[in-house]
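**Q** sequence and predicted structure are below.
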Amino acid sequence: MADSLRLILPDSLLAVLRVHDARPDDFDVAEVSFILEREFGECGEVDEAQRKASFAEIAALQMPLVAGQERSKWGTRFGPVIERTRQDGTPYSFPDLANIDAEVIEYWHKRAGEANHPVFKARYADVVWDMTKAATGGKPPFPMAQQAIDAYIECGTRFPNTDTAEDRLERALELSLSVGDKTRAASAVSAMFNLVDATEHPGSRLLWLFDLPYRMNGVKFAAEQESKLVQGIENELQRICDSENPVGLVAKEPALRLAAYYEKRGQADNVKRVIRCYGEALAKFATKAQGLVAMHWYQEAYGIYLKYGLKEEAERFQIAAKEKGEEAKGQMVRHSHSFEIPGDEMDAFLEEITAGGLEETMTRIAVSLFPKLDEITEQLKTTQQQAKLLSMIPAAKLGENQVIARAGSIEADPEGRMMFQMADNLKYTAIFLGKALDHTRERYEFTSSTVLPLLFHSPLFDPARTMLMEQAIDAYIAGDHVKTIHVLVPQIEHCLRRLLAMLGKPTNKHRRSDLGVMIEKSLNDILEAEPVIQQCLGDDATFYLRTLLCDPRGFNVRNDLAHGLMSPGNFNRFLSDRLIHVLFLLAQLRGKPAA
């Protein structure tokens, strides 16, 4: 382990490498590099050859393989261990590819020849093979690929109980396939099966090996290897299901692999057998779990049973999930937040919003207390910055003792999280809307005879339905929220259907099963599938109406009302106020809309 042609490693660093090169056990090259960094920091003054040799050694041992067979920004499988932006805005990475030149590559090549331990032999040979072209433009030496493959296989064989055994053998197979070395590829696969055999509890390694052909192109198992692998997973599934307290979650992974395998080969009975095995294990496990957790497991099992054609048997999980949903309600923790609005600020707000007469007040309430998507987008950005973990956690909404809506992380599902956030915002701003409507009724004559003429300035409101609108406004004034909501929701839907017709679009559609039979489009059809509506109302108003009326991620008032899902407590002042606000909003559209 002397110097390369030009680069000379300081003696203290060389001593560290000698100690590790003589070890009989496994070790992590990154940990060795950290020791070298500390030693280098204590070296004092060094010349350029020693500094560069130290850089070459530390860089070789610290660079990680990019996960999932992806490529680094250099187009290589190894990439920088650190990437960040300096205070002056310039990028920084370690190592920097600009510092990896022909001398560094030559140093690694020499180290590959000097090293004895297979961990070192694999690493130095691999970085030479992987980095030569990117760093120097030259052709990488083929023997380095062969040495890396052989050393990785030796590591996987000698150190089967380490966490990196799978990764090393997988890299050996990847290299073998990339250079077309069928003999070494077969050796790598054989070593993988030996690794599984040497494992006392091989469950996770069986699944890893089963997934390998799906992750890496060109991987093929011999018939006897494939049969052995499938039988191993069958044994693992049976072991889980036969245990006294089977962990249903653990049974899922082997069951799904086997189901996919048998389905591809047309073995329907085997597909159903392994899925049922998983389902029985999960049912035993979930009965003892807490409500929310068990609900999730049952719903997951329900989806899996449906996927594999066990529809009738899936119903047991539907029923079980709903039963656990009742239990989950009692386990949920209520969080509340109180805030105080100074009386003088509220008085000033109410005076301003109700100034100028009833018609101006209705317009001001419609516009001022109307949620804006730009503001919600900023809220979510703030959440991402200040509560990053919270922004990454999916959200779910419970109703009728089941999960009725879900949204992913803010990054993955921005629309879903915006709807959840808008629904929350509407609850928080309910006090302002309620106070504004109360003050309007105190300040002006607020009756069906004064309000309806102002609404009917808009062509969206149908004169033929005046009686219904009168009943709804009178019920609202009387505090009859059951009547208010029951009457206003279908009338709002009718207004939007009239708008669709005014924009030159048909308000009906054919039945899926019979092109000759027509039905009227639903509110979901109008707000979600008709671009002209969004163009006319705008993104903010369309999203608001969806959140309030017809999306389970929001309040879904129209659909819950139509399907009998609203409990007595849902007929409340909050929804009545919001529906009145929607009337005010729709009344702002005057004259015949242009298509």
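**A** All right, it came through fine. Numbers count the residues shown, from 1 in each chain.

**Q** give me the contact list for the one helix or strand Val367 maps to.
**A** Take DSSP states H and E as the rule and Val367 turns out to sit in helix 358-368. For helix 358-368, the surrounding residues in contact (Cβ atoms under 8 Å, 6 or more residues apart in numbering) are 353-356, 433, 436-437, 440, 443-446, 450-451, 454, 581, 584-585, 587-588. No exception for glycine: its C-beta is placed from N, CA and C like everyone else's.

**Q** can you tell me the helix or strand for the nearest residue to Leu306 once chain neighbours are set aside?
**A** The shortest distance from Leu306 to any residue other than its chain neighbours is 5.2 Å, reached at Ala314 (Cβ to Cβ, 6 or more residues apart in numbering). Taking DSSP H and E as the definition, Ala314 sits inside helix 311-331.

**Q** residues contacting that helix, please?
**A** 276, 279, 283, 286, 289-292, 294-295, 298-299, 301-302, 305-306, 398, 400-402.

**Q** could you pull out the buried residues of that helix?
**A** Within helix 311-331, the residues that count as buried by 16 or more other Cβ atoms under 10 Å are Glu313, Ala314, Arg316, Phe317, Gln318, Ala320, Ala321, Glu323, Lys324, Gly325, Ala328.

**Q** now stretch 103-121
**A** Applying a neighbour-count criterion of 16+ other Cβ under 10 Å, one finds 103-112, 115, 117-121 buried in stretch 103-121.

**Q** toward the C-terminus, what is the element adjacent to the helix or strand bottoming out on mean pLDDT in the chain?
**A** Taking mean pLDDT, DSSP states H and E as the measure, the helix or strand of the chain with the lowest value is strand 395-399, at a mean of 75. Sequence-wise, the next helix or strand downstream of strand 395-399 (DSSP H and E) is strand 402-407.

**Q** who does the helix or strand following that next one touch, helix- and strand-wise?
**A** Once the chain leaves strand 402-407, the next helix or strand it forms, by DSSP H and E, is helix 414-428. Applying 3 or more Cβ pairs under 8 Å, 6 or more residues apart in numbering; DSSP states H and E, one finds that helix 414-428 contacts helix 373-386, strand 395-399, strand 402-407, helix 539-545.

**Q** just say which of those is most tucked in.
**A** helix 539-545 (a mean of 20; mean count of other Cβ atoms under 10 Å).

**Q** what residues does that one touch?
**A** The contact list for helix 539-545, computed with Cβ under 8 Å, 6+ apart, reads 370-373, 418-419, 422, 496, 527, 533-534, 537, 582, 585.

**Q** name the nearest of the residues you listed relative to Gln238.
**A** Gln238 has its nearest neighbour among those in Met419, at 44.4 Å by Cβ to Cβ.

**Q** how about the closest one, nearest residue that isn't a chain neighbour?
**A** Going by Cβ to Cβ, 6+ apart, Met419 has Arg553 as its nearest residue, at 4.2 Å.

**Q** in what helix or strand does the one you found lie?
**A** Going by DSSP H and E, Arg553 is not part of any helix or strand.

**Q** against Ile105, how distant is it?
**A** 55 Å (Cβ to Cβ, to the nearest Å).

**Q** same thing with Met467?
**A** Distance check for Met467 against Ile105: by Cβ to Cβ, it reads 88 Å.

**Q** coming back round to it: among the buried residues of helix 311-331, which one lies nearest to Phe34?
**A** For those, the nearest to Phe34 is Ala328 (46.8 Å; Cβ to Cβ).

**Q** counting by contacts, list what the helix or strand hosting Leu209 packs against.
**A** When secondary structure is defined by DSSP H and E, Leu209 falls within helix 203-215. Under the contact definition 3+ Cβ pairs under 8 Å, 6+ apart, helix 203-215 sits against helix 165-178, helix 182-197, helix 223-242, helix 248-264.

**Q** can we see that at 7 Å?
**A** In terms of contacts (3 or more Cβ pairs under 7 Å, 6 or more residues apart in numbering; DSSP states H and E), helix 203-215 is packed against helix 182-197, helix 223-242, helix 248-264.

**Q** out of those, which is the most enclosed?
**A** The most buried stretch of these, if neighbours are counted by mean count of other Cβ under 10 Å, is helix 248-264, with a mean of 20.

**Q** got the CA coordinates for it in CSV?
**A** Once side chains and other backbone atoms are set aside, the C-alpha atoms of helix 248-264 remain, and they are given as CSV (Å, rounded to 0.1, in the frame of the first residue of the first chain):
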residue,chain,number,x,y,z
GLY,A,248,-51.7,-10.1,9.1
LEU,A,249,-49.6,-7.2,7.8
VAL,A,250,-46.6,-9.4,7.4
ALA,A,251,-48.6,-11.9,5.5
LYS,A,252,-49.7,-9.4,2.9
GLU,A,253,-46.3,-9.1,1.2
PRO,A,254,-45.7,-12.8,0.5
ALA,A,255,-49.3,-13.3,-0.4
LEU,A,256,-49.3,-10.5,-3.0
ARG,A,257,-46.1,-11.8,-4.6
LEU,A,258,-47.5,-15.3,-4.9
ALA,A,259,-50.9,-14.1,-6.2
ALA,A,260,-49.1,-12.1,-8.9
TYR,A,261,-47.0,-15.1,-9.8
TYR,A,262,-49.9,-17.5,-10.0
GLU,A,263,-52.2,-15.0,-11.8
LYS,A,264,-49.6,-14.6,-14.5
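
**Q** tell me the SS of Gly180?
**A** Here Gly180 takes the coil state, with states given by DSSP: H, G, I helix; E, B strand; the rest coil.
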